[in-house]
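Peer 1: predicted coordinates and the sequence they were generated for:
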Amino acid sequence: MLHLPQTLGESLNAFVRQGYPRETCGLLLGVRLGDEHVVSRVRRAHNVNIERAEDRYELDPDDFLSADREARAAGLDIVGIWHSHPDHPARPSATDRDGAWPGWSYLIISVGREGVGEIRSWRLNGGDFEEEEIRT
Amino acid sequence: MTTVTVRIPTPLRPYTQGVDEVRAEGATVAEAIHALGAAYAGLLARVLTPEGEPRQFVNIYLGSRNVRTLQGMTTRVTEGDVISIVPAVAGGAT
């Protein structure tokens, strides 16, 4: 399960709307409670995949390092990754699966011309993603 | 021998029994990472290619610099340096 306070969800919605029609991405900082991820901060990162920014993202490793330092200093951890799917459903693609790491929540936000659509979270289990519940 | 701290990202912590940073000894980034690999079975193959370079989906930082912008894995370290293993995070809508 992913705990995402409403205010942080609203921040993410603003990020993905600002970035549309390009994919936007970033990190979820928080704590692990057993199998649950409790998000307390969200951070935006640069998408360094410039050539295909409308349907690919590659999170800037410099931004990852900054977020990791911030998290450690605050006694938090990187508990997940968020990214947008412009004009596509909030479902992991084969590309998402190929680039995924175990142990994180992968939050996907669908966004279109009219605004933000569904928001869903997934975790890698073996070679496939499984959806997890989001609680605000 | 120089002792450095190596920061382990969440996806690789199953290899370090959940520990998020470990001490390692070595004069270069490569030596420190190999020392880490000797201490924790299975970790090295997730971080380096058989040729000893960072794998495609892994970046290795010394302090704030990606070692690819320094002297690569042969970059020398000094006492107290922090090496971070940074997983490449990528995907996309299609």
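Peer 2: Arrived safely.

Peer 1: where exactly do the strands run in chain A?
Peer 2: Counting by DSSP state E, chain A has strands at residues A:2-3, A:25-33, A:36-45, A:57-58, A:77-86, A:105-112, A:115-125, A:128-132, A:134-135.

Peer 1: confidence score at residue A:51?
Peer 2: Looking at residue A:51, its pLDDT is 88.

Peer 1: same question for the one 5 residues further on.
Peer 2: With respect to pLDDT, residue A:56 scores 93.

Peer 1: give the contact list for the residue nearest to the spatial centre of chain A.
Peer 2: The structure's chain A has its C-alpha centroid closest to residue A:82; by CA atoms, centre = their mean the separation is 0.7 Å. If you count contacts by CB atoms under 8 Å, 6 or more residues apart in numbering or on different chains, residue A:82 has them with A:12, A:25-28, A:42, A:106-109. For glycine as for every other residue, the C-beta is placed from the backbone atoms N, C-alpha and C.

Peer 1: tell me the one among those residues nearest to residue B:31.
Peer 2: The shortest approach to residue B:31 among the contacts of residue A:82 belongs to residue A:27, at 30.3 Å (CB to CB).

Peer 1: partners of that closest one in the sheet?
Peer 2: Assessed by DSSP bridges, residue A:27 has beta-bridge partners residue A:43, residue A:81.

Peer 1: that older thread, any chance of CSV for the strands of chain A, columns distance to residue B:91?
Peer 2: Below are those laid out as CSV (distance: least, CB to CB, whole Å):
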stretch, distance to residue B:91
strand A:2-3, 17
strand A:25-33, 8
strand A:36-45, 13
strand A:57-58, 6
strand A:77-86, 6
strand A:105-112, 8
strand A:115-125, 11
strand A:128-132, 11
strand A:134-135, 18
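
Peer 1: let me know the angle separating the host helix or strand of residue B:84 from strand A:77-86.
Peer 2: Element membership of residue B:84 [criterion: DSSP states H and E] is strand B:82-87. Strand B:82-87 and strand A:77-86 are oriented at 40 degrees to each other (axes from the mean of the first three to the mean of the last three CA atoms, to 10 degrees).

Peer 1: can you tell me the strand partners of the helix or strand that strand B:82-87 is followed by and which way each runs?
Peer 2: For strand B:82-87, the following helix or strand on the C-terminal side (DSSP H and E) is strand B:90-91. If you go by DSSP bridges, strand B:90-91 pairs up with strand A:57-58 (antiparallel).
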